[in-house]
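J.: sequence first, then the predicted structure:
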Amino acid sequence: MTLDRDAFYINGGWAAPTSTQTIQVVSPHSEQVVATVPEGTPGDIDAAVAAARRAFDEGPWPRMTPAERIDVVQVFSGLYAAKLGEMADVITAEMGSPTSFSNLAQSPAPWMQIEAFLGIARDYPWEEVRTGVLGTPVMVRREPVGVVAAIPPWNVPQFTIMSKVVPALLAGCTVVVKPAPETPLDAYLMAELLQEAGVPAGVVNIVAGGRETGEHLVAHPGVDKVAFTGSTAAGRKIAAVCGEQLKRVSLELGGKSAAIVLDDADLAKAVEGLKFTGLMNSGQACVAQTRILASRANYASVVDALAEAVGGMQVGDPMDPATEIGPMVAQRQQERVEKYIALGQEEGARVVVGGVGMPEGLDRGWYVRPTVFADVDNRMRIAQEEIFGPVLSVIPFDDVDDAVRIANDSDYGLAGTVWTGDQEAGLDVARRVRTGTYGVNTYTMDFAAPFGGYKASGLGREFGPEGLGQYTELKSIYLES
Ligand code: NAD
């Protein structure tokens, strides 16, 4: 079966591209071309925004009741559930996520998001009547924000598309999705499911392309709101454009999160957890907790246990179910991670496992060796900058106050965990760390609760009723008693 495509999904059908430019999707494992698809240009974006604008201004979708929209999204959810395996395989093929991770986070989790948002939408106060200060009634309505530009990154493409498209649909918005050039293929599969589910023409439009295509979409006057997930650098530029135009904007950006291991933690359990929180998706995760904070008293034990665990991880073919670390998405990402590993050594950190160079037994593919650094100072660049690869830094702390101080000494504020035998002590730490999400002895994202970042990790929240609220405008209608 070929994954090649020659059209964009615009206005409910397959639209010919306005140019002959193409994107070659290359397997990060085999370095072979997986598929060729058209590359979106500003002209294609114009067509997609025009379709979304028409569907919003004149089409049925925003005028349907929330219950009618819920019914359509419920059909989409059922169709999506039947394609979880195929979706996971497509994502592993295009960006190299280990299949064990793809079959957890790349397609089941997006489907769980759909179901969670459906539940939230059923109970959502779309229209409520309050008693005003003078005793007269006032109606508060939540109306769709309009045409939404949804811009996801490549690392968890469906996860970051669903968190935007589903609440946008339920709120009555119309959407233009611009998938990243590394991962256009999963969005085609999604388009087929939306079409089959009966989502009306123009309600979701999909044009994959690079940065310039994204910039054109963000600045387009036909767009009312931008929902972006990606790097902090791109987020700042997007926020500036939206600020100038007073467009609504939500941003899910980078992170450099800390996991704090308290002395009373069950070390074996903590290390199992740290392997996941630090190295999930081969370390290509915004929530990756790549700073491991251990007390000076317990430091050597934590370093040794981590070194043994990470040194034993299986690196290789992402389609092998036993693989724990796959390739980096692209050669440039492999080079970037290796540069950081070399930089850490120059900064005086000590490699206890891994290092620069291809993992043993591999001679092609964009692989790096999972690496653990010890003797890391939080001021080092490897502790401050997002590496986006399988590189952990173990940083010593004096006491709990010092651990909290180090965790907070970051431009970012997205995630974090504390590992402890005392849940109350863990909660105390959780309350003091300035991040949008936190875990005590676990880090399982919950779609019932808001997700997002403090500081340079973003603006606004996804998931939960708060995430649905990002796609609504509030209107107050004053009534006579
Ligand atoms: P990126 O910022 O380079 O690109 C993300 C997307 O934005 C891509 O589709 C890209 O084509 C587009 N884009 C880039 N510059 C743009 C601009 N100026 N205007 C409009 N569109 C633009 O990021 P990436 O390398 O694809 O992804 C990795 C980054 O994403 C990491 O920093 C990671 O932490 C972050 N991320 C954050 C979350 C989160 O929820 N907080 C989730 C996943 C990834």
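T.: Received the coordinates, thanks. No experiment lies behind these values; they were computed from the predicted model shown.
J.: need the pLDDT of the residue in the stretch 1-150 of the chain positioned nearest to the ligand.
T.: In the stretch 1-150 of the chain, no residue comes nearer to the ligand than Ala149, which is 8.4 Å away by CB to the nearest ligand atom. For every residue, glycine as well, the C-beta is placed using N, CA and C. pLDDT for Ala149: 99.
J.: beta partners of it?
T.: Beta bridges link Ala149 to Val176, Val226 when assigned by DSSP bridges.
J.: stretch 248-267 and the ligand in contact?
T.: Yes. Using CB under 6 Å from any ligand atom, stretch 248-267 reaches the ligand at 252-255.
J.: most neighbours out of the residues you listed, which is it?
T.: Gly255 (30 neighbours; other CB atoms under 10 Å).
J.: OK, contacts around that one?
T.: Taking CB atoms under 8 Å, 6 or more residues apart in numbering as the contact definition, Gly255 lies against 286-288, 386, 412-415, 453, 457.
J.: wait, which of the residues you listed is closest to the ligand?
T.: The shortest gap between the ligand and any of those belongs to Cys286, at 3.1 Å (CB to the nearest ligand atom).
J.: now do the contacts for the nearest residue to Ala171 once chain neighbours are set aside.
T.: Leaving aside its chain neighbours, Ala171 sits nearest to Tyr471 (3.9 Å; criterion: CB to CB, 6 or more residues apart in numbering). Neighbouring residues of Tyr471 by CB under 8 Å, 6+ apart: 144-145, 148, 167-168, 170-171, 173, 225.
J.: state the number of residues packed around Val351.
T.: Val351 sits with 18 neighbouring residues when counted by other CB under 10 Å.
J.: let me know the pLDDT of it.
T.: pLDDT for Val351: 98.
J.: okay, the residues of stretch 248-267 next to the ligand in a markdown table with pLDDT next?
T.: Below are the residues of stretch 248-267 next to the ligand laid out as a markdown table (pLDDT from 0 to 100):
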| residue | pLDDT |
| --- | --- |
| Glu252 | 98 |
| Leu253 | 98 |
| Gly254 | 97 |
| Gly255 | 98 |
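J.: which element is the residue of the chain found nearest the ligand on?
T.: Closest residue of the chain to the ligand, CB to the nearest ligand atom: Gly214 (2.3 Å). Secondary structure assignment for Gly214, by DSSP states H and E: helix 211-219.
J.: Asp89 and Met319, how far apart?
T.: Counting by CB to CB, to the nearest Å, the gap from Asp89 to Met319 is 8 Å.
J.: list residues touching both of these two?
T.: Thr99.
J.: how about CSV for the residues of stretch 248-267 next to the ligand, with secondary structure and distance to Ile10 added?
T.: What follows is the residues of stretch 248-267 next to the ligand, written out as CSV (DSSP: H, G, I helix; E, B strand; the rest coil; distance: CB to CB, whole Å):
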residue, secondary structure, distance to Ile10
Glu252, strand, 26
Leu253, coil, 29
Gly254, coil, 31
Gly255, coil, 34
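J.: between those, which is closest to Pro28?
T.: Set against Pro28, the nearest of those by CB to CB is Gly254 (20.5 Å).
J.: surely the closest one meets Ala234?
T.: No. Using CB atoms under 8 Å, Gly254 is not in contact with Ala234, being 9.8 Å away.
J.: about what we covered before: turn the contacts of Gly255 into JSON lines, columns for secondary structure, neighbour count and distance to the ligand.
T.: JSON lines is the format used below for those (DSSP: H, G, I helix; E, B strand; the rest coil; neighbours: other CB atoms under 10 Å; distance: CB to the nearest ligand atom, whole Å):
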{"residue": "Cys286", "secondary structure": "coil", "neighbour count": "27", "distance to the ligand": "3"}
{"residue": "Val287", "secondary structure": "coil", "neighbour count": "23", "distance to the ligand": "7"}
{"residue": "Ala288", "secondary structure": "coil", "neighbour count": "30", "distance to the ligand": "8"}
{"residue": "Glu386", "secondary structure": "coil", "neighbour count": "21", "distance to the ligand": "5"}
{"residue": "Tyr412", "secondary structure": "strand", "neighbour count": "24", "distance to the ligand": "9"}
{"residue": "Gly413", "secondary structure": "strand", "neighbour count": "23", "distance to the ligand": "11"}
{"residue": "Leu414", "secondary structure": "coil", "neighbour count": "29", "distance to the ligand": "6"}
{"residue": "Ala415", "secondary structure": "coil", "neighbour count": "27", "distance to the ligand": "9"}
{"residue": "Gly453", "secondary structure": "coil", "neighbour count": "27", "distance to the ligand": "6"}
{"residue": "Ser457", "secondary structure": "coil", "neighbour count": "29", "distance to the ligand": "6"}
